[in-house]
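*Asks:* Predicted coordinates and the sequence they were generated for:
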Amino acid sequence: MADSSADLNKNQDVGDEVNTGENSSGNGVEGEVKSPASACQRDETKPQPISQSDEAKPPPISQSEASNVESEPSTSTEDTEVKGESASEPVTDPYHYTKGEEFTSEIFKIEIKNLPRYFGFSQLKKMLVKLQLNPKKLKAMKGRNGNFGFVTFNCEEDKQKALKVLDGYTWKKSVLNAVPAKPVADPMAKSALKRKQEEGPETDAKKRKESDMPAEHRLNDAVTSLWRQTYAEQLKSKHTSMVEFLKFLTRRTKEQIGSKTLMIRNPSWIPEKHGNMCCPLEDIKPSPVVDGYRNKCEFTIGISPSGEEKTVGFRLGSYKGGQISVVEPSNCLHLSNATKNVVKCFQQYIRDVSKLSGFDPVTHHGHWRMLTVRTNSTGDILGIVVMHPHQLTQDEIVKEKQQLSDFFQSGDGKQAAVSSLFLHQQTSSSRDDDSSQQYDLIFGQPHITENILGLSFRISPDAFFQVNSKAAEVLYKTVAEFAEVNETSTVLDICCGTGTIGISLAKQVNKVIGIEVNQQAINDAVFNAEANGLTNVTYSRGKAEEVLPSITNNLKDCKDVIGIVDPPRAGLAFKVLQAIRRCDNLRRLVYVSCNPHNAIVNFIDLCRPTSNKHKGLPFWPVKAVPVDLFPHTKHCELIILFERELKPTATAPDVPTPSNS
């Protein structure tokens, strides 16, 4: 993944995946809209995050508060079975959040039916603004009976105006139908209601069976599902999983492009030669460290299965599955003793010293939300305490910060040896919504430094960095091998984040050009390059699809241009992928994926014949290799080398892009 702060959740973790998309069913795109001030006098001239103090969303809760519940790469853990009982009586009203004191735009929601067959999300947004409507959030989806969307507003007046304007309005030759819509149901309350209705002898027996298993074992099953297996067995299972994925990719590619077309364009396309895989798969590369490897972990704060409040640890299941019970991580194999000690000390602080309560994701009351612990190979520890200010005065917050400082620097928490401690006030249910909030340094240095392949990298509180430092070295070495870099190579580190991959290759190549949209990530990348004495690394800030063309035009005399992408779980945006295809002198592309099933559309689009939609010569998968960065979980990284098709083919008709299903 691009190691940028914007992509912080990418390693939240493989093995810790929780789908937090609102109205998550269906294939949709959604976002918050920046619009002029509404009739409700809410200032929208600046992007306003949807916060709990500003808007009470039904969960799903943020990934930062989600349990580290492992899921299959192709399956959301929203479907994870509940494996414990909450100490409190579960809420069974799916719309309870709409009846509280906090604002939620869900009560001012409409549905737009009969949207055009082809349109862009930004086009829909512009259309609404052009009609002088004031949307708060919107989501567009594809359905069997046509496209439709949901739009929320800040007040009833805006909602009624939208219904009047949009109903019967013709857009792109489609007559729209606008109707009021129900708020989205709280997935946990909905699940609790269903369980209550289905209670009987079988469910009682199931609960008794689960309660007989120690909570620590249930947590390990959820967080690190392979913990009962030897490491050799884990590697075999992961390798088999990647074999099955490449077979699946081959079938999907044949379906979308056609076997005959593939054979005509590339006579070497003989999947049968590779066990029905589109390319050879090398043996999985193991992690040098199996236990205690995580250098970053995020812990939620909640109630234990036995009813102990302000417990710091991981949830036993997903929110949608009805699970908010939290278990201490003392027996988790993937955590270091240093991390566990910080968790234990912080739990002691919020239970014995602080008078503030834990945050309740159902009622949105309380303060303590989560704890993040980051460590490095030299023993430095960076802690981030996340709290909801919830009616606290500034003086009360200052007092709490002083208590934290005293506890960890001179009190009982001193044994945790925390080097740096931050306080982050988070009011929204999504970290992205709180992007404008600052990390408030309580004591220590504002960052820690990690060494990878003899290079030093500065790690800020919210910066992305691979969670397994030793295995990251294996990953970066393998990327270099696949890229076949030499002293004449020019590397395009696309969506580079803080620049770790490009910097790790810089001494082996002629030049590295990093492309990143996030300014803070660019600042960190520049710092890291300078700190390592590298003079052949430059960075361009901007969207890859906008920056790439001008960069590649200046590289026409370079004979060996290599692209490297390490995107978030969802893969590359379509525009970025198309920009890569249009870079004619980019001959090789190394794609690093932490979730190949989510990136399968990218892989197929790279191989599609040249067309009006897919310009530029296509690529071919040449070889692949899995690298294990996450022992005890089902997940691993997959590296695929794509090479450009050298002989142009006739332009093909556009074929619809497949979904991720």
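*Replies:* Yep, it's here.
*Asks:* longest helix in this protein, by residue count?
*Replies:* Using DSSP state H, we find that the single longest helix of the chain is helix 231-257.
*Asks:* on contacts alone, who are the packing partners of that one?
*Replies:* Secondary-structure packing of helix 231-257 (3 or more CB pairs under 8 Å, 6 or more residues apart in numbering; DSSP states H and E): helix 600-607, strand 619-627. All C-beta atoms are positioned from the backbone trio N, CA, C, and that covers glycine.
*Asks:* can you list those in a markdown table and add distance to residue 591?
*Replies:* Formatted as a markdown table, those follow (distance: least, CB to CB, whole Å):
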| stretch | distance to residue 591 |
| --- | --- |
| helix 600-607 | 7 |
| strand 619-627 | 9 |
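*Asks:* can I get the ones you listed in TSV with distance to residue 127, mean neighbour count and mean pLDDT?
*Replies:* Formatted as TSV, the helices and strands packed on helix 231-257 follow (distance: least, CB to CB, whole Å; neighbours: other CB atoms under 10 Å; pLDDT from 0 to 100):
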stretch	distance to residue 127	mean neighbour count	mean pLDDT
helix 600-607	26	21	93
strand 619-627	35	22	96
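*Asks:* which one is residue 455 nearest to, not counting chain neighbours?
*Replies:* Closest residue to residue 455 apart from its sequence neighbours, by CB to CB, 6 or more residues apart in numbering: residue 532 at 5.0 Å.
*Asks:* sorry, back to before: now for the helices and strands packed on helix 231-257, which one comes closest to residue 309?
*Replies:* strand 619-627 (40.8 Å; CB to CB).
*Asks:* Show me what that closest one is packed against.
*Replies:* helix 231-257, helix 469-483, helix 600-607, strand 637-644.
*Asks:* what's the angle between that strand and helix 600-607?
*Replies:* Using axes from the mean of the first three to the mean of the last three CA atoms, to 10 degrees, the inter-axis angle of strand 619-627 relative to helix 600-607 is 140 degrees.
*Asks:* thinking again about what came up before, please name whichever of the helices and strands packed on helix 231-257 is nearest to residue 476.
*Replies:* Among the helices and strands packed on helix 231-257, the nearest to residue 476 by CB to CB is strand 619-627 (9.7 Å).
*Asks:* what's the closest one in contact with?
*Replies:* 238-239, 242, 246, 249, 266, 269, 278-285, 471, 474-475, 478, 482, 581, 589, 603, 606-607, 636-645 (CB atoms under 8 Å, 6 or more residues apart in numbering).
*Asks:* ditto for stretch 573-587
*Replies:* By CB under 8 Å, 6+ apart, the residues outside stretch 573-587 that reach it are 492, 494-495, 543-545, 548-549, 552, 555-556, 558, 560-563, 565, 572, 589, 602, 605-606, 614-619, 643-644, 657.
*Asks:* before we move on, the earlier item: which one, of the helices and strands packed on helix 231-257, ends up nearest to residue 399?
*Replies:* With CB to CB as the measure, strand 619-627 is the member of these nearest residue 399 (47.0 Å).
*Asks:* Which SSE is immediately downstream of the helix or strand of the chain at the bottom of the mean pLDDT ranking?
*Replies:* With mean pLDDT, DSSP states H and E as the measure, the helix or strand of the chain carrying the lowest mean pLDDT is strand 28-32 (a mean of 53). Per DSSP states H and E, the first helix or strand lying C-terminal to strand 28-32 is strand 109-115.
*Asks:* what helices or strands is the helix or strand following that next one leaning on?
*Replies:* Reading on from strand 109-115 to the C-terminus, the next helix or strand found by DSSP H and E is helix 121-130. Counting contacts by 3+ CB pairs under 8 Å, 6+ apart, helix 121-130 is packed against strand 28-32, strand 135-143.
*Asks:* what are the ranges of the helices in the stretch 151-300 of the chain?
*Replies:* Listed in chain order, the helices of the stretch 151-300 of the chain (DSSP state H, counting those that start in this stretch) span 156-166, 187-198, 201-212, 215-223, 231-257, 259-265.
*Asks:* can you list the weak-confidence ranges in the chain?
*Replies:* 1-98, 100-102, 186-211, 260, 263-265, 267-269, 317-323, 428-437, 646-661 (pLDDT under 70).
*Asks:* got the residue ranges for the helices in the stretch 451-600 of the chain?
*Replies:* Counting by DSSP H, counting those that start in this stretch, the segments of the stretch 451-600 of the chain that form helices are 469-483, 500-505, 519-531, 544-553, 574-582, 600-607.
*Asks:* what angle sits between the fifth one and strand 619-627?
*Replies:* Orientation check (the same axes, to 10 degrees): helix 574-582 against strand 619-627 gives 110 degrees.
*Asks:* In helix 574-582, which residues are buried?
*Replies:* 576-582 (16 or more other CB atoms under 10 Å).
*Asks:* Kindly report the same for the third one.
*Replies:* Using 16+ other CB under 10 Å as the burial criterion, the residues of helix 519-531 that qualify are 520-522, 524-529.
*Asks:* could I get that helix in CSV with only the CA atoms?
*Replies:* What follows is helix 519-531, C-alpha atoms only, in CSV (Å, rounded to 0.1, in the frame of the first residue of the first chain):
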residue,chain,number,x,y,z
GLN,A,519,1.2,16.8,1.2
GLN,A,520,2.2,15.5,4.7
ALA,A,521,3.2,12.2,3.1
ILE,A,522,5.4,14.1,0.6
ASN,A,523,7.0,16.0,3.4
ASP,A,524,7.9,12.8,5.2
ALA,A,525,9.2,11.2,2.0
VAL,A,526,11.4,14.2,1.3
PHE,A,527,12.7,14.1,4.9
ASN,A,528,13.4,10.4,4.6
ALA,A,529,15.3,10.7,1.3
GLU,A,530,17.4,13.6,2.7
ALA,A,531,18.1,11.8,6.0
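*Asks:* other SSEs contacting that helix?
*Replies:* Packing partners of helix 519-531 (3+ CB pairs under 8 Å, 6+ apart): strand 455-459, helix 500-505, strand 511-516, strand 537-541.
*Asks:* Ok, the longest one next?
*Replies:* Contacts defined by 3+ CB pairs under 8 Å, 6+ apart place helix 469-483 against strand 448-452, helix 500-505, strand 561-565, strand 586-593, strand 619-627, strand 637-644.
*Asks:* so can I have TSV of the ones you listed showing distance to residue 340?
*Replies:* TSV is the format used below for the helices and strands packed on helix 469-483 (distance: least, CB to CB, whole Å):
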stretch	distance to residue 340
strand 448-452	18
helix 500-505	27
strand 561-565	35
strand 586-593	30
strand 619-627	26
strand 637-644	26
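*Asks:* Quick check: which of these is nearest to residue 274?
*Replies:* Closest to residue 274 of those, according to CB to CB: strand 619-627, at 9.4 Å.
*Asks:* Kindly calculate the angle that that closest one makes with strand 586-593.
*Replies:* Orientation check (the same axes, to 10 degrees): strand 619-627 against strand 586-593 gives 40 degrees.
*Asks:* From the chain's centroid, how far away is strand 619-627?
*Replies:* Here strand 619-627 is found 23 Å from its chain centre; the criterion is CA atoms, centre = their mean, to the nearest Å.
*Asks:* Contacts for the helix or strand hosting residue 403, please.
*Replies:* In the assignment (DSSP H and E), residue 403 maps to helix 394-409. Helix 394-409 has contacts (CB under 8 Å, 6+ apart) with 345, 349, 353-354, 356, 383, 385, 387, 389, 392, 413-414, 416, 418, 421, 423, 425, 440, 442-443.
*Asks:* picking that back up, wait, which of the helices of the stretch 451-600 of the chain is closest to residue 159?
*Replies:* That would be helix 574-582 among these, by CB to CB, at 31.9 Å.
*Asks:* how far off strand 637-644 does the closest one point, in degrees?
*Replies:* Helix 574-582 runs at 40 degrees relative to strand 637-644, counting by the same axes, to 10 degrees.
*Asks:* residues contacting residue 644?
*Replies:* 586-589, 617-620.
*Asks:* Give me the distance between it and residue 616.
*Replies:* 9 Å (CB to CB, to the nearest Å).
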